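Participant: A predicted structure for the sequence below; I have some questions about it.
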Amino acid sequence: MQQGTLKGALLLSGHKKMRKKYKIIVFDLGNTLIRFDHAISAKKIAGICRCTMKKIYDTFFDSPLTRDFERGIITPKEFYRGVEGLLGARISFDDFAEVWKDIFWEDEPACRLARELKKSYRLFLLSNINRLHYEHIRSKFDIIKIFDEIILSYVIGAMKPDRRIFEEVIKRAGGDRKGLVYIDDRDDLIKAAKRLGIDSIKFDGARKLRATLKAKNII
């Protein structure tokens with residue numbers, strides 16, 4: 001074999017070995033592939049209750065009630081009754097559910113990149129999410145269909161950064177945490193994954209993510 005041909009073969013072999021480092025890419029959902037804004041639903045509820053916009057937003061976004069809902073501790077109707085009690089809102093469950101769910105839109109560049117990655121890797125979805133939101137997203141956005149495994153907080157009974165939900169990901173990956181790369185928009189969740197030995201990337205837009213994936217020889 002000529003020297004140039006041998007050098008090229010070695011480079012190609014090395015490139016292929018580097019590509020094999022990761023087998024599974026784990027995506028967060030909210031504000032990574034699917035954008036959301038609780039202010040959309042909070043504004044609608046503000047018109048029918050006596051609470052301030054801030055209280056409604058905080059109740060929807062990060063309250064003990066919402067965390068219980070996302071852990072699957074309470075049902076959708078129990079969450080609805082809790083919101084009624086906290087906010088003094090008078091609205092039917094069906095009307096509330098529609099307002100609560102209508103806060104999402106697709107990050108098209110990020111979803112295109114995920115579909116591109118699907119051609120070469122297994123894809124997992126890992127999300128802190130409640131039942132109403134997930135069922136709405138699944139029915140509205142086709143991106144959900146590309147995932148090989150879907151790990152949801154309300155099903156597992158634990159929310160990121162709880163190590164139990166990350167351990168479920170590792171379990172479904174056959175115990176191979178070194179073969180995982182995790183993508184999330186939150187620094188605290190990235191740090192939690194790294195503490196468990198999962199390589200992680202901070203999501204700050206599809207363009208930057210693509211550049212990072214290229215640097216890691218994933219693309």
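Facilitator: Done, it's in.
Participant: all strands for this structure, in order.
Facilitator: Remark: strands assigned in the chain by DSSP state E are 24-27, 34-36, 104-106, 122-127, 149-152, 180-184, 199-202.
Participant: Can I get those strands in CSV including mean neighbour count?
Facilitator: For glycine as for every other residue, the C-beta is placed from the backbone atoms N, C-alpha and C. Below are those laid out as CSV (neighbours: other Cβ atoms under 10 Å):
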stretch, mean neighbour count
strand 24-27, 23
strand 34-36, 18
strand 104-106, 15
strand 122-127, 22
strand 149-152, 18
strand 180-184, 24
strand 199-202, 18
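Participant: JSON lines please, covering the ones you listed and showing mean pLDDT and distance to R210.
Facilitator: Below are the strands of the chain laid out as JSON lines (pLDDT from 0 to 100; distance: least, Cβ to Cβ, whole Å):
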{"stretch": "strand 24-27", "mean pLDDT": "98", "distance to R210": "13"}
{"stretch": "strand 34-36", "mean pLDDT": "97", "distance to R210": "18"}
{"stretch": "strand 104-106", "mean pLDDT": "98", "distance to R210": "17"}
{"stretch": "strand 122-127", "mean pLDDT": "98", "distance to R210": "16"}
{"stretch": "strand 149-152", "mean pLDDT": "98", "distance to R210": "23"}
{"stretch": "strand 180-184", "mean pLDDT": "98", "distance to R210": "11"}
{"stretch": "strand 199-202", "mean pLDDT": "97", "distance to R210": "11"}
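Participant: possible to save those as JSON lines with distance to T59?
Facilitator: Output for the strands of the chain, formatted as JSON lines (distance: least, Cβ to Cβ, whole Å):
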{"stretch": "strand 24-27", "distance to T59": "27"}
{"stretch": "strand 34-36", "distance to T59": "15"}
{"stretch": "strand 104-106", "distance to T59": "18"}
{"stretch": "strand 122-127", "distance to T59": "20"}
{"stretch": "strand 149-152", "distance to T59": "21"}
{"stretch": "strand 180-184", "distance to T59": "24"}
{"stretch": "strand 199-202", "distance to T59": "28"}
